[in-house]
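1. predicted model and sequence follow; I will ask about them next.
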2 protein chains.
Amino acid sequence: MSARDAVAAAAAPEQAAERGEGAGEGGPPFPVPLRLGDLHASLADPLLDAMTFLNEATTRYPQAVSFAPGRPYEGFFEPADVHHYLDTYLDHLAARGAGRDAVRTTLFQYGPTKGVIADLVARTLANDEGLTVPPEALVLTVGAQEGMLLTLRALCAGPEDVLLVSSPCYVGVTGAARLLDLTTVPVPEGPAGGPDPATVRAAARAVRAGGRRPRALYVVPDFANPSGTSMPVPARSRLLDAAAEEGLLVVEDNPYGFFAREAGERPTLKALDRRRQVVHLGSFAKTCFPGARLGYVVADQEVAGPGGRRTLLADELARLKSMTTVNTPALSQAVIGGMLLRHDCRLREANAPAAAHYAANMTVLLGELERHFPPPERRRLGISWNEPEGGFFAVLTVPFAADEAAMERCARDHGVLWTPMAPFYPAGGGERRLRLSISSVTKRQIVDGVASLARFVRAEAG
Amino acid sequence: MSARDAVAAAAAPEQAAERGEGAGEGGPPFPVPLRLGDLHASLADPLLDAMTFLNEATTRYPQAVSFAPGRPYEGFFEPADVHHYLDTYLDHLAARGAGRDAVRTTLFQYGPTKGVIADLVARTLANDEGLTVPPEALVLTVGAQEGMLLTLRALCAGPEDVLLVSSPCYVGVTGAARLLDLTTVPVPEGPAGGPDPATVRAAARAVRAGGRRPRALYVVPDFANPSGTSMPVPARSRLLDAAAEEGLLVVEDNPYGFFAREAGERPTLKALDRRRQVVHLGSFAKTCFPGARLGYVVADQEVAGPGGRRTLLADELARLKSMTTVNTPALSQAVIGGMLLRHDCRLREANAPAAAHYAANMTVLLGELERHFPPPERRRLGISWNEPEGGFFAVLTVPFAADEAAMERCARDHGVLWTPMAPFYPAGGGERRLRLSISSVTKRQIVDGVASLARFVRAEAG
């Protein structure tokens, strides 16, 4: 039974008579049905409707080639491995001296709010990112999304506190801000990728001039979702300097960092951080196992409390976490902990085959776009695209509104799904852009999908 | 290295020189350290400090008999079982026609926001509670805590919306409200257990008279945390009538329902609900496996949106969930799903040994209190306690302040830990009450612990 059917069944006359009967004198009538307008305003946000539409469209066109979802490729995953990973972690606990009862407690019970595998994650960050952080500065979270929610909640004390976000922006951030009734101010990505330092400064000053506090800047330095763009290395230090001058923390989100198309140093903002100004959000969803829903926050900022009490921001995030999910499933932590141990706490190496897969897919996508839209025709039609250095996403600019209606026509008539970009721009924009994801398609699907997409674009443009 | 050591290391002079250097003209100096007062106000809430103190005290006195934590008994759990449960669920998917790839996708990938085992949970609710709800009315959550957060966020649109809570109240609810800047209004538990209908009506009217909207009433009808009290069956229907007359939804939390000391019908409020006025929060933490962190919400209320769109409240909760944790770990759902399948979706039967264990422990606790404080002495000292019909908790009233300092003295000098009740009273109260939990102690520990506790109480009272 679908949700709609369930609702219809619920509204059957004999049941309706049973409801609303309690309305008595003095009080308002019992509210049946609830009105959406009486619920929290985030539920009426067009952003949520856009996401709902996309999910439904994916379900409605199961045969379409889907450039829409940003989910990882499954080919390297085997369910039986979960058993091995779990056992590896439990054996590791035993080898470190935990008795039978202590092993059982770690897996079975409520655990510490900050998590149980911070030591393994810290070791992995040191190996993979050259990032030296004490395990105490880490909080394990239910995906990076919970880390984001906790970070925004901690930093933004009230409506006068503003989060700057690089624009176009990942919907999870604007969504979390919406849930908490926080204001976000978009900072456009510059031509080089990432927010321009001068623009960040101007945005922070404008916020202050309006009587509010700019608290932090959210940015994805590598292969951003949705734009696919990356920040050049020198721009990273400049951005940190600009943020520090404006008293801003930087919230760095790094889900795609391993998936570069070409070798080369791409230091995270946190690795460049000399002021403890960066809060770093990480995720094992793209590099290990989405179904474990495991992420983490590196928050090594000191917090001065009353009576000279000093904590780390990670401790404060954990205190908030006790009010969102209490703690992150020990089961998820044990399985990911086992994966880390199996790979000697070196996920970059372990992800080399996946990185090669995504890189090859991106190269096929860009090559096929090139083939179907050679330069003269491209200019004539007003079509362009970016050439991401890695990650899951590229952006195509077209000479017509790439909105939900267009996406539906493309799916119905040409069997291809993609994601409209406009919902990713908090202050408007992106109306003629669409996002193409290469993460969960085969090369054959990319070849066929771009051919169909080209027919659609020509039909719409012509 | 402890959190405090990490902070001390962080404050070493050579590193301190590196920080704060970015303060430039125009902007405020980079905030090092962050000030707790600049972060969200929930972080300065005494409630959080109380919880932190309790956790630390438990760590400081590892040898003490601990009547403090409400965690379940571990004796019935075996880590190897996790493998069997996981395989059971994956076999179940295959038996229902899922191919190898589909099974992998269900376990490995991001999944539907509402979850993947709603059908099994619905079947279990029908078997165990006589509760018939369509799977579409369910959302799987990361513990009941996330369900609480989502429910409060959906129902309370802004600061004018108020949540009534039975008092003393579970800290997870007042904490979630604090995180969202929502107002809670305590409704004292009546002498029969649970909030009195007349008091609920009066509280709702007072809120409305103050220009605000009372939206819902939070209540734990069976063996409440922290008070241990239960609502008599006739009082349940009267409470639903009173709530309906005042236009209130009822948020029912039911973590301990299976753990009655004596057989008998104890219908949940949701099972008595004829108006779809009850949102029901459930958890597998006490009945299956805390480390999976799996809970659920039954929210079958209709929601009327623009353009005649009808959804269920569960759909709206799922939309909010996409902004808190995206979805509940498929891994946790698969393992709990396997447990449900192994027990033929009948957890009440499966929990019979655990229920017997808790019931016997509670009986020992009450018997030992009786033995150490016979009626004449009890009256002379001004000591009393309640006699819970089940669950994990009983409350002892003493003739002195049962605060953190007293708890520390009791732990240090008498080797017994317990929980001060005052932090559970949102509007003050409970200063001379302490909570005793029997869930994770042995009978021997209860006997020894009550003897030591009696010495402490006499020393303090005398």
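-> Yes, it's here. This structure is a prediction, so every number in the text was calculated from the model and none was measured. Numbering: from 1, shown residues only, chains lettered A, B, ... in the order given.

2. per-residue confidence for A:Ala11?
-> A:Ala11 is assigned 36 on the pLDDT scale.

3. how about the one 3 residues further on?
-> Confidence per residue is given as pLDDT, and for A:Glu14 that number is 34.

4. ok, A:Ala350 to A:Arg342 distance?
-> Distance, A:Ala350 to A:Arg342, using Cβ to Cβ, to the nearest Å: 8 Å. For every residue, glycine as well, the C-beta is placed using N, CA and C.

5. secondary structure element for the closest residue to chain B within the stretch 151-300 of chain A?
-> Closest to chain B within the stretch 151-300 of chain A is A:Ala244: 2.6 Å, counting by Cβ to the nearest Cβ. Per DSSP states H and E, A:Ala244 falls inside helix A:233-245.

6. beyond that helix, next helix or strand please.
-> Helix A:233-245 is succeeded, C-terminally, by strand A:249-253 (DSSP H and E).

7. just the angle for that next one relative to helix A:233-245, thanks.
-> 140 degrees (axes from the mean of the first three to the mean of the last three Cα atoms, to 10 degrees).

8. how about residues contacting strand A:249-253?
-> A:144, A:148, A:151, A:155, A:163, A:170, A:173, A:215-221, A:239-240, A:243, A:268-270, A:273, A:277-281, A:301, B:31 (Cβ atoms under 8 Å, 6 or more residues apart in numbering or on different chains).

9. ok, which stretches of the stretch 351-462 of chain A are strands?
-> A:384-385, A:393-397, A:416-417, A:419-420, A:433-437 (DSSP state E, counting those that start in this stretch).

10. out of A:Ala350 and A:Arg342, which sits in the busier spot?
-> A:Ala350 (21 against 14; other Cβ atoms under 10 Å in any protein chain shown).

11. the more buried one contacts A:Ile336, doesn't it?
-> No - assessed by Cβ atoms under 8 Å, A:Ala350 is found out of contact with A:Ile336, at 12.0 Å.

12. one step back: got the strands of the stretch 351-462 of chain A as JSON lines, with mean pLDDT, distance to B:Gly130 and mean neighbour count columns?
-> Output for these, formatted as JSON lines (pLDDT from 0 to 100; distance: least, Cβ to Cβ, whole Å; neighbours: other Cβ atoms under 10 Å in any protein chain shown):
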{"stretch": "strand A:384-385", "mean pLDDT": "98", "distance to B:Gly130": "58", "mean neighbour count": "18"}
{"stretch": "strand A:393-397", "mean pLDDT": "98", "distance to B:Gly130": "49", "mean neighbour count": "21"}
{"stretch": "strand A:416-417", "mean pLDDT": "98", "distance to B:Gly130": "43", "mean neighbour count": "24"}
{"stretch": "strand A:419-420", "mean pLDDT": "96", "distance to B:Gly130": "45", "mean neighbour count": "25"}
{"stretch": "strand A:433-437", "mean pLDDT": "98", "distance to B:Gly130": "46", "mean neighbour count": "25"}
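
13. reformat those strands as JSON lines; add distance to B:Gly111.
-> Output for the strands of the stretch 351-462 of chain A, formatted as JSON lines (distance: least, Cβ to Cβ, whole Å):
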{"stretch": "strand A:384-385", "distance to B:Gly111": "31"}
{"stretch": "strand A:393-397", "distance to B:Gly111": "21"}
{"stretch": "strand A:416-417", "distance to B:Gly111": "19"}
{"stretch": "strand A:419-420", "distance to B:Gly111": "19"}
{"stretch": "strand A:433-437", "distance to B:Gly111": "18"}
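
14. closest to A:Asp101 out of the ones you listed?
-> In terms of Cβ to Cβ, the element of the strands of the stretch 351-462 of chain A nearest to A:Asp101 is strand A:433-437, at 46.3 Å.

15. angle of the closest one against strand A:393-397?
-> Relative orientation of strand A:433-437 versus strand A:393-397 (the same axes, to 10 degrees): 150 degrees.

16. who touches strand A:433-437?
-> Contacts for strand A:433-437 (Cβ under 8 Å, 6+ apart): A:67-70, A:226, A:228, A:365, A:392-398, A:402, A:407, A:418-422, A:424.

17. my read: the residue of the stretch 151-300 of chain A closest to chain B touches A:Val278, true?
-> No - here A:Ala244 lies out of contact with A:Val278, judged by Cβ under 8 Å, at a distance of 10.2 Å.

18. tell me the domain boundaries of chain A?
-> Under the assignment automatic domain parsing, the domains of chain A span A:46-54+A:65-70+A:352-461, A:80-350.

19. identify the residues contacting stretch A:349-358?
-> Contacts for stretch A:349-358 (Cβ under 8 Å, 6+ apart): A:72-73, A:75-76, A:258-260, A:287, A:339, A:343, A:390-392, A:438-439.

20. show me the contacts for A:Cys156.
-> Neighbours of A:Cys156 in contact, by Cβ under 8 Å, 6+ apart: A:162-163, A:180, A:182, A:215, B:40.

21. in strands, which of those residues appear?
-> The strands, defined by DSSP state E, take in A:162-163, A:215 from those.

22. among those residues, the buried ones, what's the ChimeraX command?
-> Buried subset of the ones in strands among the contacts of A:Cys156, written as a ChimeraX selection, criterion 16 or more other Cβ atoms under 10 Å in any protein chain shown:
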select /A:162,163,215
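
23. what about chain B: which of the ones in strands among the contacts of A:Cys156 touch it?
-> Residues of the ones in strands among the contacts of A:Cys156 in contact with chain B (Cβ under 8 Å from any Cβ of the partner chain): none.

24. now, which of the ones in strands among the contacts of A:Cys156 sits nearest B:Ala292?
-> If you rank these by distance to B:Ala292 using Cβ to Cβ, A:Leu163 comes first, at 32.7 Å.

25. what kind of secondary structure is the nearest residue to the closest one once chain neighbours are set aside in?
-> Sequence neighbours aside, A:Thr184 is the residue nearest to A:Leu163 in space, at 5.0 Å (criterion: Cβ to Cβ, 6 or more residues apart in numbering or on different chains). Three-state assignment for A:Thr184 (DSSP: H, G, I helix; E, B strand; the rest coil): strand.

26. what's the spacing between A:Thr184 and A:Gln145?
-> For A:Thr184 relative to A:Gln145 (Cβ to Cβ), the value is 16 Å.

27. the two: who's more crowded?
-> A:Gln145 (26 against 21).

28. which helix or strand contains the more buried one?
-> With DSSP H and E as criterion, A:Gln145 is part of helix A:143-155.

29. could you give the mean pLDDT of that helix?
-> 98.

30. how about it: buried residues?
-> Buried-residue list, helix A:143-155, by 16+ other Cβ under 10 Å: A:143-155.

31. show me the shaky parts of the stretch 1-150 of chain A.
-> For the stretch 1-150 of chain A, the stretches with pLDDT under 70 are A:1-30.

32. recalculate using a threshold of 80.
-> A:1-32, A:51-52, A:55 (pLDDT under 80).

33. please, where are all the strands along it?
-> Counting by DSSP E, counting those that start in this stretch, the strands of the stretch 1-150 of chain A are A:34-35, A:65-66, A:138-142.

34. distance from the second one to the middle of the chain?
-> Relative to its chain's centre, strand A:65-66 lies at 21 Å (Cα atoms, centre = their mean, to the nearest Å).

35. touching it from outside, list them.
-> For strand A:65-66, the external contacting residues (Cβ under 8 Å, 6+ apart) are A:58, A:415-417, A:440-441, A:445-446, A:448-449, A:452.

36. who does it pair up with?
-> Strand A:65-66 has these partner strands in its sheet, going by DSSP bridges: strand A:416-417 (parallel).

37. can you pull the residues of the stretch 151-300 of chain A lying near chain B?
-> A:153-158, A:172, A:175-176, A:178-181, A:201, A:204-205, A:240-241, A:243-247, A:249, A:274-277, A:285, A:289-294, A:300.
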